[in-house]
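**Student:** Fold the following and give me the result.
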Amino acid sequence: MSSTSNPITQVSQHAMPNMGLQPQLLTRLHLDLRGARFTVDRETIMNLPESVLLCLFPNGLVLSRQSMALSDTGDEEDDEVYGVDFDPQCFEFVLSFFRQAADVFYGTPTQPGLLNLQQQLFDTLPPNSEFSPAAQAQNPLLSKQAIIVLREELEYFAIPPRGGGEKTDPHGIANQAMLDLKRACGHNLLEKRTIFTALQRNVNKENNVAEQHLIDMLCQSGFSRDDVWGYRALEPSRCCISSIALVLLKTGITHHPNASNKEEKVTIDYSQMSTAQKLLLFWRKPARKCWWDGVEVEIGTPGVPARPVKLWARRVWTLELSLVGYP
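**Tutor:** Here you go, the predicted structure:
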């Protein structure tokens, strides 16, 4: 799929420079997300979506310390706390979803997962079957749990109605009435949780076939057309709303644990698998789409009755596919 026909264009990737040393790897990271502490092991961090890691560590993720390679022990470095400007509740939402997805697919010490049922089939089929090791290498969806990651960064701008008390001074500093209006507009947008409403509005306005195809493909692969954002919140001290939605990718693999024939315990809908494989284009390659969206809403502020306010929103979507490794 070329970048000219794809409504979402790929984000450039930058390799970390090779420092020429072999430092000791950190086994875990201690993070401070806006005052909330998290201790996360290295494997969990590496399983997170690339697009989320870019938000957590905009200057690059370092899982080792050069000084650790020169010291006898790494205890002090391992206990270092990294300050991260990221919503802690959003981070917890992502961690919880990925943890539950891994448990269901790979199993827990007390409960086998879906992969266990598939593995029984892998072990009994001939080498040239669709579940063979060679097929699994070419199609990782056969042996890994895939998650569609969709994020939105929404920056909004309110145009106050004429004759109101909302003003800014010569230095661009908003008065209290303007601040109240901005807050009210933010809460209005925050309540609009349906994922595809704004994009569908843009499709209808521009008659954009590529964007309509994107919505259709996502809804065939795990989303539904009336889905809402899994987590959505206003960013502190900014006219910005961050949202994220996570869904398990529909691969067309269906499990029938009660089937008498071992070969019938796992079946594949190849049409659905073909659609799922298209999303592998976004595996480890987060992609973005940006557009402007204008609406008029009724906004009421303290001491002022509801009035029509023009709202402009700059929406940036990031789409990615994550493959969850064995926990």
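**Student:** Helix or strand: which one has G186?
**Tutor:** Here G186, judged by DSSP states H and E, is contained in helix 176-190.
**Student:** oh sorry, the question was meant for D293
**Tutor:** strand 287-301.
**Student:** buried set for the helix holding G186?
**Tutor:** By 16 or more other CB atoms under 10 Å, the buried positions in helix 176-190 come out as 177-178, 180-186, 188-189. (Glycine included, C-beta is placed from N, CA and C.)
**Student:** closest to T110 among those residues?
**Tutor:** Relative to T110, the closest of those is L189; by CB to CB it sits at 43.7 Å.
**Student:** Quick check: pLDDT value at the most centrally placed residue in the chain.
**Tutor:** Nearest residue to the geometric centre of the chain (CA atoms, centre = their mean): V149, 3.4 Å. With respect to pLDDT, V149 scores 98.
**Student:** The helix or strand where it lies pairs with which strands, parallel or anti?
**Tutor:** Secondary structure assigned from DSSP H and E places V149 in strand 145-159. Paired strands of strand 145-159, with direction, are strand 240-248 (antiparallel), strand 304-324 (antiparallel) (DSSP bridges).
**Student:** hey, C-alpha coordinates of that strand in PDB?
**Tutor:** Below are the C-alpha coordinates for strand 145-159, written out as PDB (Å, rounded to 0.1, in the frame of the first residue of the first chain):
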ATOM      1  CA  GLN A 145      -1.600 -12.400  20.300                       C
ATOM      2  CA  ALA A 146      -2.100  -9.200  18.200                       C
ATOM      3  CA  ILE A 147      -3.600  -6.000  19.500                       C
ATOM      4  CA  ILE A 148      -4.700  -3.000  17.400                       C
ATOM      5  CA  VAL A 149      -3.600   0.200  19.100                       C
ATOM      6  CA  LEU A 150      -5.400   3.400  18.100                       C
ATOM      7  CA  ARG A 151      -4.600   6.800  19.700                       C
ATOM      8  CA  GLU A 152      -5.900  10.300  19.200                       C
ATOM      9  CA  GLU A 153      -4.300  13.600  20.200                       C
ATOM     10  CA  LEU A 154      -6.900  16.300  20.000                       C
ATOM     11  CA  GLU A 155      -5.900  20.000  20.300                       C
ATOM     12  CA  TYR A 156      -8.900  22.300  20.400                       C
ATOM     13  CA  PHE A 157      -9.500  26.000  19.800                       C
ATOM     14  CA  ALA A 158     -12.600  27.900  20.900                       C
ATOM     15  CA  ILE A 159     -13.900  31.000  19.100                       C
END
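**Student:** With pLDDT and distance to Q212 added, can I get the buried residues of helix 176-190 in TSV?
**Tutor:** TSV is the format used below for the buried residues of helix 176-190 (pLDDT from 0 to 100; distance: CB to CB, whole Å):
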residue	pLDDT	distance to Q212
A177	90	41
M178	91	38
D180	92	38
L181	92	34
K182	94	33
R183	94	35
A184	93	33
C185	94	29
G186	95	29
N188	94	27
L189	96	24
